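Chemist: pasting the sequence and the predicted model now:
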Amino acid sequence: MMLCDNSEKTESQLVEEAAKIWAAGGDLNLQDDDEETAIFIAVRRGRLALVKKLLDMGADPTIMNRNDSTCLHEAAANCNLRMVEELLKHNSVVKEIDVCDNNDRTPLMRCAANDTVDHQVASLLIRMGADPSYPGDKSALSYNGRTALHYAAQVNNVQMIEFLISKDANKDAQDLEDRTPLFLAASHGHVEAVQALVKAGASLEITDQKDRTPYKVAEENEFRNVLEVLDSDDNKTCVPLHMAIGKNTVKNNNRQVKRIPVKRKPQPLTPPHSDGCGSTPSPHATFGASSRPTASVLDSPSSDRTSSGNDGFSPGSLPMTHPSYWTSEVSHQSPPYENTELGVCSYYGNYSMPNSTYAHSFSSTSYPSCQYSESSTYYANQV
């Protein structure tokens, strides 16, 4: 192992000495304190001739060091194309082409994480069976769910991004924290990577576990150039409401709904027709059968305030209250006025006229269908 790490001798000299050691019965797979073999060190040093000789003599290129890295991990991380080609000539290496190190990274991921290279090594790895969308070993303690595209986006390796997407890498893959490659690129301020991913059709609306979109995380970090890319006219499309407010997974669809009042302009005081009468909706004949105060006709504010009418009801006979708008809570929209199967229909509210304010309430337990409700306060669902 010290032989392979010797920088004072030529590679041909190292090859000769390695052959002598092997002939003398030396262990080619002996590991040092870092659990690295002679061939592992030779790969790191880029000594291709020595690696070839060690492989010919039977050295095992799949033995991992203390970081669970193999020779292929090391060669891919250094983007040494000729070294990767040599290692992949051996079936034992090809069979473990997607094996993960202790950081849950495959050789392809290690290659993609290098921001100074093109895609030649990645192309060879994929051609030999590496999965461009592989998220790592889910059974590993170090599992993070990132793909090679995540690593390329994180280091702004645009050429790698474009290549991986051309090989059908999942451009919207989410890691263990629900972050996409676009999210990582935006969070690091990598404008070129963001442009490449957006151009490829990556979603701008998928959120992480903190409900942040790529735009939101770029905004938090004040990456103005990234915001300009994400906010450009070319990227503005009609987005479903649940996505526009940052919903990306089933877990977000079960939130409680709260209601908030939304006011609109008051409507005419006289409700629309329901039976030809010019003032109010008229309940059926059974409506008057209730022992509770009822009204088939609502008196207008100009009527006799002391009169109770045929049905014993008059707004003027009830206490005055101040709110200047009607409030009503009903189970159907109005307008239009649709029948409902409910057996009970009740209304309550306040309305005002110049110089006077009236309160009214009426209900029925026998009126089988509700055809009208009018309100100046409606309730809107808000998540």
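Modeler: Nice, I can see it.
Chemist: okay, domains of this structure per the record?
Modeler: 11-254, 258-383 (automatic domain parsing).
Chemist: out of those, which gets the lowest mean score?
Modeler: Lowest mean pLDDT within these: domain 258-383, a mean of 43.
Chemist: Leu204: what's it in contact with?
Modeler: By C-beta atoms under 8 Å, 6 or more residues apart in numbering, the contact set of Leu204 is 182, 198, 213-215, 230, 235. Any C-beta I mention is one placed from the backbone N, CA and C, and that applies to glycine too.
Chemist: would you agree it falls within a strand?
Modeler: No. Counting by DSSP: H, G, I helix; E, B strand; the rest coil, one finds Leu204 to be coil, located in no strand.
Chemist: any idea how far it is from Leu197?
Modeler: 10 Å (C-beta to C-beta, to the nearest Å).
Chemist: now do the shared contacts for those two.
Modeler: Leu182.
Chemist: quick one on the thing from earlier: buried among the contacts of Leu204? Make that a ChimeraX selection.
Modeler: With 16 or more other C-beta atoms under 10 Å as the criterion, this ChimeraX line picks the buried residues out of the contacts of Leu204:
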select :182,198,213,214,215,230
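Chemist: among the contacts of Leu204, which lie within helices?
Modeler: Counting by DSSP state H, the contacts of Leu204 place 182, 198, 214-215, 230 in helices.
Chemist: which of these sit farthest apart?
Modeler: The largest separation in the ones in helices among the contacts of Leu204, counting by C-beta to C-beta, is between Val198 and Tyr215 at 11.0 Å.
Chemist: what is in contact with the two at once?
Modeler: Contacts common to Val198 and Tyr215, judged by C-beta under 8 Å, 6+ apart, are 204, 230.
Chemist: and the longest helix for this protein?
Modeler: helix 11-23.
Chemist: next helix or strand past that one?
Modeler: Once helix 11-23 ends, the next helix or strand along the chain (criterion: DSSP states H and E) is helix 38-45.
Chemist: related to what we said a few turns ago, closest one of the ones in helices among the contacts of Leu204 to Lys95?
Modeler: Leu182 (33.3 Å).
Chemist: related to what we said a few turns ago, which other helices and strands does the longest helix of the chain contact?
Modeler: Contact partners of helix 11-23 among helices and strands, from 3 or more C-beta pairs under 8 Å, 6 or more residues apart in numbering; DSSP states H and E: helix 48-56.
Chemist: need the contact partners of the helix or strand that the helix it packs on is followed by.
Modeler: Once the chain leaves helix 48-56, the next helix or strand it forms, by DSSP H and E, is helix 71-77. With C-beta under 8 Å, 6+ apart as the test, helix 71-77 has contacts from 39-40, 43-44, 51, 61-62, 83-84, 87-88, 93, 96-97, 101, 105-108, 110-111, 113-114, 121, 125.
Chemist: need the buried ones from those residues selected in ChimeraX.
Modeler: Applied in ChimeraX, the following selects the buried portion of the contacts of helix 71-77 according to 16+ other C-beta under 10 Å:
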select :39,40,43,44,51,61,83,84,87,88,93,96,97,101,105,106,107,108,110,111,113,114,121,125
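Chemist: show only the entries of the contacts of helix 71-77 found in strands.
Modeler: Of those, none are assigned to strands by DSSP state E.
Chemist: of the contacts of helix 71-77, which belong to helices?
Modeler: Using DSSP H, the contacts of helix 71-77 in helices are 39-40, 43-44, 51, 83-84, 87, 93, 107-108, 110-111, 121, 125.
Chemist: from those, pick the one nearest Leu141.
Modeler: Using C-beta to C-beta, the ones in helices among the contacts of helix 71-77 come closest to Leu141 at Arg110, 18.9 Å.
Chemist: and the closest residue to that closest one other than its chain neighbours, how far from Thr147?
Modeler: Nearest residue to Arg110, sequence neighbours excluded (C-beta to C-beta, 6 or more residues apart in numbering): Ala77, at 4.1 Å. According to C-beta to C-beta, Ala77 stands 17 Å off from Thr147.
Chemist: which one of these two is surrounded by more residues?
Modeler: Neighbour comparison, Ala77 and Thr147: the larger count goes to Thr147, with 27 against 19 (by other C-beta atoms under 10 Å).
Chemist: tell me the contacts of the nearest residue to the more buried one once chain neighbours are set aside?
Modeler: Nearest residue to Thr147, sequence neighbours excluded (C-beta to C-beta, 6+ apart): Ala173, at 4.8 Å. For Ala173, the contact set (C-beta under 8 Å, 6+ apart) comprises 133, 135, 145, 147, 149-150, 180-181.
Chemist: what about Ala173, distance to Val198?
Modeler: According to C-beta to C-beta, Ala173 stands 16 Å off from Val198.
Chemist: repeat that for Asn29.
Modeler: Going from Asn29 to Val198 by C-beta to C-beta gives 48 Å.
Chemist: equivalent analysis for Leu141, please.
Modeler: Distance, Leu141 to Val198, using C-beta to C-beta: 34 Å.
Chemist: likewise Asn157?
Modeler: Taking C-beta to C-beta, one finds Asn157 at 16 Å from Val198.
Chemist: correct me if wrong: Glu85 contacts Leu124.
Modeler: Yes. Counting by C-beta atoms under 8 Å, Glu85 touches Leu124, with 6.6 Å between them.
Chemist: who's more crowded, those two?
Modeler: Set side by side, Glu85 and Leu124 show more neighbours around Leu124, with 17 against 14, by other C-beta under 10 Å.
Chemist: thanks again, I'm all set now.
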